[in-house]
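**Student:** Curious how this folds, go ahead:
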Amino acid sequence: MTGPLLDTLNSPADLRALAPADLPKLAQELRTFLVESVAQTGGHLASNLGAVELTLALNYVFDTPSDRIVWDVGHQSYTHKILSGRRAAMAGLRQPGGIAGFPRRAESEYDAFGVGHSSTSISAALGMAEAFRQTGSSQRAVAVIGDGAMTAGMAFEALNNAGATDLPLLVVLNDNDMSISPNVGALNNYLARLMSGKFYAAARRAGEKVLSVAPPIRELAKRAEEHMKGMVTPGTLFEEFGFNYIGPVDGHDLDVLLDTLSNIKQLSGPQFLHVVTRKGKGYAQAEANPCLYHGVSRFDPAAGIAEKTGGKPTYTQVFGDWLCDMAAADPRLVGITPAMREGSGLVRFSQDYPKRYFDVGIAEQHALTFAAGLACEGVKPVVAIYSTFLQRAYDQLIHDIALQDLPVMLAIDRAGLVGADGPTHAGSFDLSFLRCIPNMLIAAPSDENECRRLLTTAYLHKGPSAVRYPRGSGKGAAIEPGLEPLELGKGILRRSGRDIALIAFGSLVAPALTAAEALDASVADMRFVKPLDLDLLRALAHQHRLLVTLEENVVAGGAGAGVAEALSALGIQVPVLHLGLPDRFIEHGDVPAMLAECGLDAAGIERAVRQRITLLP
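**Tutor:** Reported below is the predicted structural model:
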């Protein structure tokens, strides 16, 4: 599965021992390896195929790991992992006990910064560059950020800060959503070499010094330079931030990349290199459909990936269908996503209601305050967002939505553990950080039909609301047509038993029912985390010797904590066992196995309850 050149490489030092003429062949071997390897493990494919030459060039020119390469998001870092001694470990990529799908500092000294979320690279690399200056080190810091990640405000905050310094920070924009015609590409490649060269830099500094005695002339010259650059490059914006803009260059032309990066390495001050790449480069199926090949499960490289049809609907699909049905019933509804149309199930809605669909880019903070503004004027916004990404907009949720009691609905996907993507993408905390916010309605459905009905319930609520549901499919419950809500704040008793009551939230209702059969326990599907069904809790407490709360969220501050607080407020004293995610980050793996490790499968629930029963008086 490897090739003659790739077999010889165990570190970037080995790479730098090769002749530049060997690198195109190595790039081909890497692409073959990537396709065959990811086909066996699953993972991010299209983005990695597009970044092969760029990764080679960065590791060839810069002295990694001494020089730091900070990957934004990190789903394009597989080639970097392969080159830094983890080629064999790719067989365990995203598997239990294997290497992560994103850079992790604990995994390798070549992983300069742990990532998984977008738009952090420039800030982190700037911090490293400043640390190098503080310690008198000549090490360099490089941030590699994608065009999508550049839509986030954090990236521009970092650019604004970095441009006001004289630190030798290099920001590489990996632009894989732009095309350059051959003629313009050749011209820009030439200009990049020219603008990154020492002569250009020296001439520019000399010109600034000469013209400094005549500010009006200096300003005229500056504007003339920007105008000429702007005619052939889109770099004026980054120049205004204080960076020396270079590019755009062909990100698959190794000669250009090596020359340009070598020149930049000799320059002082903040540099911005604009590189254009193609997602899925070198694998025809991924080039034709990079979205389908962004994150993949195991597949046959020869046959490619078939679009999924049929089977049980996922919670994401249940939400997407509900959104379209509710939009047909209520013309005030609009759907908002922070650059997650496919992942959040908004494809059909975006097609059926294009004027009511808003993709605001990777800008979760803006998404929520934008929704707040819409709600102020009578529009009914539904924000589709992953639990892990909602963390990035916490202030906006509190200050702009909840404080003003605005009817903004959050459809929170990927709640709980998410499997191979690991702790950076796990929705482990939303119940804890949502529950403490005044005015919030929080619902957690236990199956697909309950999800649809709770979505309607939350939508009709006159204040802020959230419905959180897991990744993947549920148990396959029949979905009733229509848009009937459930009674607000009311749970339901799913099973009557003796002595023990399992108080379950959302995804843990199903394993609770299984465990209850062995325990002869009662099972309550609470449906709502806030407000809690106090009447149901009071009845359960009076009829059972032990209450057990179950949630796919951290125990600290979660739904179980809410139950304990409610019982205390009611003046009820009864033993309570809280089961949920432990106080640590859960490593990547297979979701059922991960839940079992946390004691949240049926067997683990039964085991924990039996141990606790032995302590009862």
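**Student:** And the strands in the stretch 501-617 of the chain, which stretches?
**Tutor:** 522-525, 528-530, 546-554, 576-581 (DSSP state E, counting those that start in this stretch).
**Student:** C-alpha coordinates for the third one, PDB please?
**Tutor:** Presented in PDB, the C-alpha positions along strand 546-554 are these (Å, rounded to 0.1, in the frame of the first residue of the first chain):
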ATOM      1  CA  LEU A 546     -33.900   4.500  44.900                       C
ATOM      2  CA  LEU A 547     -34.000   7.000  42.100                       C
ATOM      3  CA  VAL A 548     -31.400   6.700  39.300                       C
ATOM      4  CA  THR A 549     -30.900   9.500  36.800                       C
ATOM      5  CA  LEU A 550     -29.500   8.700  33.300                       C
ATOM      6  CA  GLU A 551     -28.200  11.100  30.700                       C
ATOM      7  CA  GLU A 552     -25.700  11.200  27.800                       C
ATOM      8  CA  ASN A 553     -24.200  14.300  29.200                       C
ATOM      9  CA  VAL A 554     -21.600  15.000  31.900                       C
END
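**Student:** quick one: average confidence on it?
**Tutor:** The average pLDDT within strand 546-554 is 98.
**Student:** Low-confidence regions, this protein specifically.
**Tutor:** Within the chain, the stretches with pLDDT under 70 are 1-2, 178-234, 307-310.
**Student:** What is the neighbour count of residue 84?
**Tutor:** Applying other Cβ atoms under 10 Å, we find 23 other residues in the vicinity of residue 84. Yep, even glycine has a C-beta here, placed from its N, CA and C like the rest.
**Student:** mind checking the SS state of it?
**Tutor:** helix (DSSP: H, G, I helix; E, B strand; the rest coil).
**Student:** Residue 260 contacts residue 246, doesn't it?
**Tutor:** Yes. Counting by Cβ atoms under 8 Å, residue 246 is a contact partner of residue 260 at 6.5 Å.
**Student:** Quick check on the two: which one has the bigger neighbour count.
**Tutor:** residue 246 (31 against 26).
**Student:** For that one, what is the enclosing helix or strand?
**Tutor:** strand 244-250 (DSSP states H and E).
**Student:** now do residue 144
**Tutor:** Per DSSP H and E: strand 141-146 holds residue 144.
**Student:** Tell me the first helix or strand C-terminal of that strand.
**Tutor:** Going down the chain from strand 141-146, the next helix or strand is helix 153-163, by DSSP H and E.
**Student:** Can I get that following helix as CSV, trimmed to CA atoms?
**Tutor:** Taking C-alpha atoms only, helix 153-163 is exported to CSV below (Å, rounded to 0.1, in the frame of the first residue of the first chain):
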residue,chain,number,x,y,z
GLY,A,153,-14.7,36.3,13.4
MET,A,154,-12.0,34.7,15.5
ALA,A,155,-9.8,34.4,12.4
PHE,A,156,-10.1,38.2,11.7
GLU,A,157,-9.6,39.1,15.4
ALA,A,158,-6.3,37.2,15.2
LEU,A,159,-5.3,38.8,11.8
ASN,A,160,-6.0,42.2,13.3
ASN,A,161,-3.8,41.5,16.3
ALA,A,162,-1.0,39.9,14.2
GLY,A,163,-0.9,42.7,11.6
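**Student:** Quick check: buried residues in it?
**Tutor:** For helix 153-163, burial by neighbour count (16 or more other Cβ atoms under 10 Å) applies to 154, 155, 158, 159, 161, 162, 163.
**Student:** tell me which strands and helices it is in contact with?
**Tutor:** Identification of packing neighbours for helix 153-163 by 3 or more Cβ pairs under 8 Å, 6 or more residues apart in numbering; DSSP states H and E yields helix 121-135, strand 169-175.
**Student:** Return the most buried member of these.
**Tutor:** Most buried of the helices and strands packed on helix 153-163, by mean neighbour count (mean count of other Cβ atoms under 10 Å): strand 169-175, with a mean of 26.
**Student:** hang on, the earlier thing: dump the strands of the stretch 501-617 of the chain into TSV; add mean neighbour count and distance to residue 335 as well.
**Tutor:** TSV is the format used below for the strands of the stretch 501-617 of the chain (neighbours: other Cβ atoms under 10 Å; distance: least, Cβ to Cβ, whole Å):
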stretch	mean neighbour count	distance to residue 335
strand 522-525	25	28
strand 528-530	23	24
strand 546-554	26	25
strand 576-581	22	30
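**Student:** so which of the ones you listed gets nearest residue 441?
**Tutor:** strand 528-530 (6.4 Å; Cβ to Cβ).
**Student:** So what's the gap between the closest one and the chain middle?
**Tutor:** 26 Å (Cα atoms, centre = their mean, to the nearest Å).
**Student:** In the sheet, which strands lie alongside it, parallel or antiparallel?
**Tutor:** Using DSSP bridges, strand 528-530 pairs in its sheet with strand 441-443 (antiparallel).
**Student:** Buried ones in the partner strand, by neighbour count?
**Tutor:** Result for strand 441-443 [16+ other Cβ under 10 Å]: buried residues 441, 442, 443.
**Student:** picking that back up, of all the helices and strands packed on helix 153-163, which one is nearest residue 557?
**Tutor:** helix 121-135 (27.8 Å).
**Student:** Give me the residues contacting the closest one.
**Tutor:** 68, 70-72, 112-113, 115, 137-145, 149, 154-155, 157-159, 161-162, 165, 167-169, 171 (Cβ atoms under 8 Å, 6 or more residues apart in numbering).
**Student:** Okay, angle between that helix and strand 169-175 too, please.
**Tutor:** 160 degrees (axes from the mean of the first three to the mean of the last three Cα atoms, to 10 degrees).
**Student:** Distance from helix 121-135 to the middle of the chain?
**Tutor:** 23 Å.
**Student:** what inclination does it have with respect to strand 141-146?
**Tutor:** Using the same axes, to 10 degrees: helix 121-135 against strand 141-146 is 180 degrees.
**Student:** how about the CA coordinates for helix 121-135, as CSV?
**Tutor:** Below are the C-alpha coordinates for helix 121-135, written out as CSV (Å, rounded to 0.1, in the frame of the first residue of the first chain):
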residue,chain,number,x,y,z
SER,A,121,-4.9,28.5,14.0
ILE,A,122,-3.9,32.1,13.6
SER,A,123,-4.5,33.0,17.2
ALA,A,124,-2.5,29.9,18.4
ALA,A,125,0.4,30.5,15.9
LEU,A,126,0.6,34.1,16.9
GLY,A,127,0.9,33.1,20.5
MET,A,128,3.7,30.8,19.6
ALA,A,129,5.5,33.4,17.5
GLU,A,130,5.3,35.8,20.5
ALA,A,131,6.6,33.1,22.8
PHE,A,132,9.6,32.6,20.5
ARG,A,133,10.4,36.3,20.7
GLN,A,134,10.0,36.3,24.4
THR,A,135,12.5,33.4,24.7
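**Student:** angle of it against helix 153-163?
**Tutor:** Using the same axes, to 10 degrees: helix 121-135 against helix 153-163 is 30 degrees.
**Student:** change the start of the numbering to 26 and stick with it
**Tutor:** Renumbered: residue one is now 26, and that last one reads helix 146-160.
**Student:** Quick one: residues contacting residue 323.
**Tutor:** 64, 65, 66, 67.
**Student:** Name the nearest of those relative to residue 324.
**Tutor:** residue 64 (5.2 Å).
**Student:** My read is that residue 399 contacts residue 406, right?
**Tutor:** Yes. Counting by Cβ under 8 Å, residue 399 touches residue 406, with 4.7 Å between them.
**Student:** Skip the chain neighbours and tell me the closest residue to residue 28.
**Tutor:** residue 54 (3.3 Å; Cβ to Cβ, 6 or more residues apart in numbering).
**Student:** Where does that neighbour sit, in terms of helix or strand?
**Tutor:** Using DSSP H and E, residue 54 sits in helix 48-66.
**Student:** That helix packs against which elements?
**Tutor:** helix 71-75, helix 77-86, helix 103-106, helix 279-290.
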